[in-house]
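Participant: 3D, please:
(chains A and B, ligands or ions: 3)
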Amino acid sequence: MLEKNVKLVNDAFKEYYFKHFELIHVPTRTSEREFGYQKFNEGMTRHLSIKDDNELHLLLMTQVPSDVYCSNAYYSFPNLPMTEKDWKGADLIFDIDAKDLKLDCRTSHICCKCNSCQNIVKQGINCSVCGSTKLETISVTCENCISESKKEVARLHEILTEDFGIQKKEIQVYFSGNEGFHVYVVNSDYQTLDSRERADLADYIMFNGIIPETLGMSKQNNSKFALPDVNERGWRGRVAKEIFTSKSKRVKIVQEILSGGYSVFQAKLEDWRQKIGVKIDPKVTMDIHRIFRLGGSLNSKSGLSKIMCKDLENFDPFSDACLLDDEKVEIIANCPISFKLKNKKYGPYEKEKITVPKYVAVYMICKGIADIN
Amino acid sequence: MIQLGIRDLVKYPFLAETGEYLRDKGFNLEQLGHSDWKPIVEKAYGRIVVATTGQIYGSAIEDFENVDSEILSFVIAVVLLKSAGIPTLIKRFSLAEARRAERYLQQDLLQKKNETNSELPLKIMQDLFSVKVMTTDEDFVISVSDYLKRAVQFHEKEWKLINRRVEKGFVFLTAHETVRLIRKELDGYINSKILAVNIPSIPDIFRERVSDLSLLAKKFSEYVTVSSDYPPCIKHAIEVLDRGENLPHSGRFMLATYLLARGQTTDQIAPLFKNAPDYNERVTRYQLDHIAGSSGKGTKYSCPSCNKLKSENLCFEIPECSGIINPTQFGKKRTANA
Ligand code: SF4
Ligand SMILES: [Zn+2]
Ligand SMILES: [Zn+2]
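Facilitator: Residues are numbered from 1 along each chain as shown, chains lettered A, B, ... in the order given. Ligands and ions are numbered 1, 2, ... in the order given. Next up is the predicted model:
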């Protein structure tokens, strides 16, 4: 980030951290967690341990991090090097990101920035100015992205409670501060699972690796009685609801399936995975040594806060997580796409000088589509 | 507390209760050194030999005249193994005994309907391996986390959680699957039990068989190293052979070509196949040399592609396999996202 931009964003972050202590807390079992942070244009500082809220707030005030992280894992010695930390367990974590959902709306709100000359184009594989192929995709988030992500969260929630028997009160949902949601499961007997075991858990959630036999199709002698029923629980029930759209059609569809045979059925599994598998990022769930963005902190990719969603359905990140100041700031915007913050639409702008509230300025600078004037 | 019957000790002689039983009956090592007991020493030795060939020793459980000798043959086998102190033999013996116990556990679980003996296997699993198994009308049920911790060791797709019935935090299993899940632990348990046994000195009539064990072990001395960076298809094939189970020809071909490609020699590879039920040293050598191209016309065969192996049901793809088309590429391409 350009130095002149850093100053503005840094000041805005500092002010946020000063004003919003009430939103930022250390998680439970604080002394067993590893903390880390990054400052603008600097590397990561990690392997820290933090005692309590006061110590955390002090760090935020003095360091003004661009990003703050905390481990989902519990260690005996969180501030020692990884091999000496003595891992004891970790909350389950899930990352759902709109950019992984392959939504049609995406093309309307992404653009590309040339890494060599900073030129911004709506789309393409070459920079229209210098011809470089090193283009970086910039995306803002739209309401559709958020509502589709919420649906994924809801489906994840159903699997966690119905299939895995996790209690509702142990599940915490956060807006990630950028384009999706982070889901935590605390206090469960899943905490001691290692990385491989979590990978299999993630596959379950994503509907990955299912074999036709599980759904009652085998290579020989198939019978309609083995196929799943809408009243079953777990994936068999969910698949049944997907295949048998209505009761009256069941007989006909069953016949189609049985005459199609094993390989036709097998090919369908992939379609279903796309449709009904929950789109979590498996790398996040598998990683048991990760430091994950701390709840209440700001996300330097957007200037929005990672905040807890108590009422997911009505949660509006563009207002509820947009907590920076609204003081007017003058910026040069170079933004071929438009976005909404606090119910107001901004953009597109073609290298224009505009005056906007600070939260908009920070959002655009963090996204790389504006510079301070 | 469950009262263990003597029949249970025949089935599960590695339980702590065995020691108590023998003590109550007044058996001790010194006394077993009497030549009257020679047949049991032979029986014990036989039990080890059977184990090393990858087979399962069958006790005549119904034949109750000889329950003591069944139990004693296990105990003496342990004494012999311990005195010989050869890790491969101990390893093979504990695996074979684990698989033997697995059969009985399964039978006992299935008998739960007539309620004769359902509690013991559940108790063994709970006490020895802290797996809480509950029963429903026709299934056995364990928690998802207990399941995952064990099932991830299997490469077969059936063991993936997605291919299981999962409800409210529990996985539903058959009796067979339930015991299969704990095989490794049972093996480890028996192994550690043997290692923990302390034998001050052994009776003379044992000595001959102890030295025979050293001879027996020679057969297995060329130990093949299983590297942890082998792809899952290769690991699976090695495990199948290691268990003394049958690996189809296509699997042996894959294994041989893979290891040759990794620079191993036919001499290093041949011992891997020793456990196969149909092992024949000369034939194996011949086949390996043929594959390696060092005999006859000298065409060297290369390792089949992942696609081919998939079609032969030999592939057990994991995320680390992404982007490769042949097992020999496994582990060579590092993913950028560490
Ligand atoms: S993908 Fe290739 S390397 Fe991986 S398990 Fe399958 S066959 Fe082996
Ligand atoms: Zn350019
Ligand atoms: Zn969108």
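
Participant: which phi and psi does the residue in the stretch 51-200 of chain A positioned nearest to chain B have?
Facilitator: Minimum separation of the stretch 51-200 of chain A from chain B (Cβ to the nearest Cβ) falls at A:Gly165, amounting to 2.3 Å. (Glycine included, C-beta is placed from N, CA and C.) The phi/psi pair for A:Gly165 (degrees, to the nearest 10) reads phi 70, psi 30.

Participant: any idea how far it is from B:Gly169?
Facilitator: Per Cβ to Cβ, to the nearest Å, A:Gly165 is found 2 Å from B:Gly169.

Participant: now do the helices in the stretch 51-200 of chain B.
Facilitator: Under the criterion DSSP state H, counting those that start in this stretch, the stretch 51-200 of chain B contains helices at B:67-84, B:87-110, B:119-129, B:144-151, B:175-181, B:183-196.

Participant: out of these, nearest to A:His109?
Facilitator: Nearest to A:His109 among the helices of the stretch 51-200 of chain B is helix B:144-151 (38.6 Å), distances taken as Cβ to Cβ.

Participant: could you find the closest non-adjacent residue to B:Arg92?
Facilitator: Using Cβ to Cβ, 6 or more residues apart in numbering or on different chains and skipping the chain neighbours, the partner closest in space to B:Arg92 is B:Thr52 (4.9 Å).

Participant: my guess is the one you found contacts B:Ile86, does it?
Facilitator: No - assessed by Cβ atoms under 8 Å, B:Thr52 is found out of contact with B:Ile86, at 10.3 Å.

Participant: quick revisit: mean pLDDT added to the helices of the stretch 51-200 of chain B, as CSV?
Facilitator: Formatted as CSV, the helices of the stretch 51-200 of chain B follow (pLDDT from 0 to 100):
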stretch, mean pLDDT
helix B:67-84, 89
helix B:87-110, 87
helix B:119-129, 85
helix B:144-151, 95
helix B:175-181, 91
helix B:183-196, 88
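
Participant: show me what from chain A comes close to chain B.
Facilitator: Residues of chain A that fall close to chain B, judged by Cβ under 8 Å from any Cβ of the partner chain: A:162-166, A:189-190, A:192-194, A:196-197, A:199-201, A:203-204, A:207-211, A:213-214, A:233-236, A:282-283.

Participant: change it to 7 Å
Facilitator: Residues of chain A lying near chain B by Cβ under 7 Å from any Cβ of the partner chain: A:162-165, A:189-190, A:193, A:196-197, A:199-201, A:203-204, A:207-211, A:214, A:233-235, A:283.

Participant: closest to ligand 2 out of the helices of the stretch 51-200 of chain B?
Facilitator: Closest to ligand 2 of the helices of the stretch 51-200 of chain B is helix B:144-151 (Cβ to the ion; 48.7 Å).

Participant: output the closest one as PDB, nothing but the C-alphas.
Facilitator: Below are the C-alpha coordinates for helix B:144-151, written out as PDB (Å, rounded to 0.1, in the frame of the first residue of the first chain):
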ATOM      1  CA  VAL B 144     -18.100 -39.400  15.100                       C
ATOM      2  CA  SER B 145     -14.800 -38.300  16.600                       C
ATOM      3  CA  ASP B 146     -13.900 -41.900  17.800                       C
ATOM      4  CA  TYR B 147     -14.800 -43.100  14.400                       C
ATOM      5  CA  LEU B 148     -12.700 -40.500  12.500                       C
ATOM      6  CA  LYS B 149      -9.600 -41.100  14.700                       C
ATOM      7  CA  ARG B 150      -9.500 -44.700  13.600                       C
ATOM      8  CA  ALA B 151     -11.100 -44.800  10.100                       C
END
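
Participant: of the residues of chain A next to chain B, select the buried ones using a PyMOL command.
Facilitator: Buried subset of the residues of chain A next to chain B, written as a PyMOL selection, criterion 16 or more other Cβ atoms under 10 Å in any protein chain shown:
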select buried, chain A and resi 162+163+164+165+190+193+197+199+200+201+203+204+207+208+209+210+211+214+234+235
